[in-house]
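Peer 1: A structural model of the following input is requested.
(chains A and B)
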Amino acid sequence: SQKIEQNSEALNIQEGKTATLTCNYTNYSPAYLQWYRQDPGRGPVFLLLIRENEKEKRKERLKVTFDTTLKQSLFHITASQPADSATYLCALDHFGNEKLTFGTGTRLTIIP
Amino acid sequence: DAEITQSPRHKITETGRQVTLACHQTWNHNNMFWYRQDLGHGLRLIHYSYGVHDTNKGEVSDGYSVSRSNTEDLPLTLESAASSQTSVYFCASSELSSGWAGELFFGEGSRLTVL
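Peer 2: Next up, the predicted model:
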């Protein structure tokens, strides 16, 4: 069956360091992958999308990589700040599916 | 500004009652989705719609129904609420994009408790 795993439920990182979150998937065809941020009591907010033919994408302090051989995406936040503390969700789709499947999320805490 | 709103934000109901959660978007998006979010399961798709009069079942559709009579609204109905349906429900919408779900815009969620 298709599965998306974010392999850390919670991650604590010192302020100023780079936070790296992992998203692994199985039994999906080459796809595109999205990352969302969710604050407590709020709905998820879109951050970045990366397609299967793109190796890396950046947006300000955020960087996403996508390795279809390893079936893995890495999400990096550089120069992390306490305001980056949130739950981060990865979501996957494959062409023709037109709906996203989400991982369970990683709760990131940036420690001042 | 365009937005997506859910109501009610919080609701407590009793087992067996019918409950309807409203979702209204002003993005003029064709695609609309209902997810539920539970600890340990993440977001799971309940129902979705690609346009007016179109509805489709997601992975956890049992006990839920939706209808799409216009572009803006996709109400979610629990025909006979069960305690297992206690959850936080999120509505989302996205632009029509051939073959892809697109970026999702989420509402703030509706927390439902079934006693």
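
Peer 1: What sits closest to residue B:106 if chain neighbours are left out?
Peer 2: Distances taken as Cβ to Cβ, 6 or more residues apart in numbering or on different chains put residue A:43 closest to residue B:106, at 3.3 Å, once the chain neighbours are dropped. Every C-beta, even on glycine, is put in place using the N, C-alpha and C of the backbone.

Peer 1: I'd say the one you found and residue B:104 touch.
Peer 2: No: the pair residue A:43 / residue B:104 is not scored as a contact, 9.2 Å apart, by Cβ atoms under 8 Å.

Peer 1: residues in contact with the helix or strand of chain A with the lowest mean pLDDT?
Peer 2: Sorted by mean pLDDT, DSSP states H and E, the helices and strands of chain A end with strand A:3-5, the least confident at a mean of 86. Applying Cβ atoms under 8 Å, 6 or more residues apart in numbering or on different chains, the contact partners of strand A:3-5 are A:23-28, A:90-92, A:101-104.

Peer 1: list the buried ones in it?
Peer 2: residue A:4 (16 or more other Cβ atoms under 10 Å in any protein chain shown).

Peer 1: quick one on the thing from earlier: okay, residue A:43 and residue B:104: which has more neighbours?
Peer 2: Taking neighbours as other Cβ atoms under 10 Å in any protein chain shown, residue A:43 and residue B:104 compare with residue B:104 leading, 28 against 22.

Peer 1: pLDDT score assigned to residue 92?
Peer 2: With no chain named, the answer covers chain A. pLDDT recorded at residue A:92 is 89.

Peer 1: that's the other chain; I wanted chain B
Peer 2: Looking at residue B:92, the pLDDT reads 96.

Peer 1: Parallel or antiparallel, which strands does whichever strand or helix holds it pair with?
Peer 2: Using DSSP states H and E, residue B:92 sits within strand B:87-94. When sheet partners are counted by DSSP bridges, strand B:87-94 sits next to strand B:31-38 (antiparallel), strand B:105-106 (antiparallel), strand B:110-114 (antiparallel).

Peer 1: Is the residue nearest to residue B:7 when sequence neighbours are not counted in a helix, a strand, or coil?
Peer 2: Once flanking residues are discounted, residue B:7 sits nearest to residue B:22: 4.8 Å by Cβ to Cβ, 6+ apart. Per DSSP: H, G, I helix; E, B strand; the rest coil, the secondary structure class of residue B:22 is strand.

Peer 1: okay, now residue B:22: neighbour count?
Peer 2: Residues near residue B:22, counting by other Cβ under 10 Å: 15.

Peer 1: who touches it in this structure?
Peer 2: B:6, B:7, B:8, B:73, B:75.
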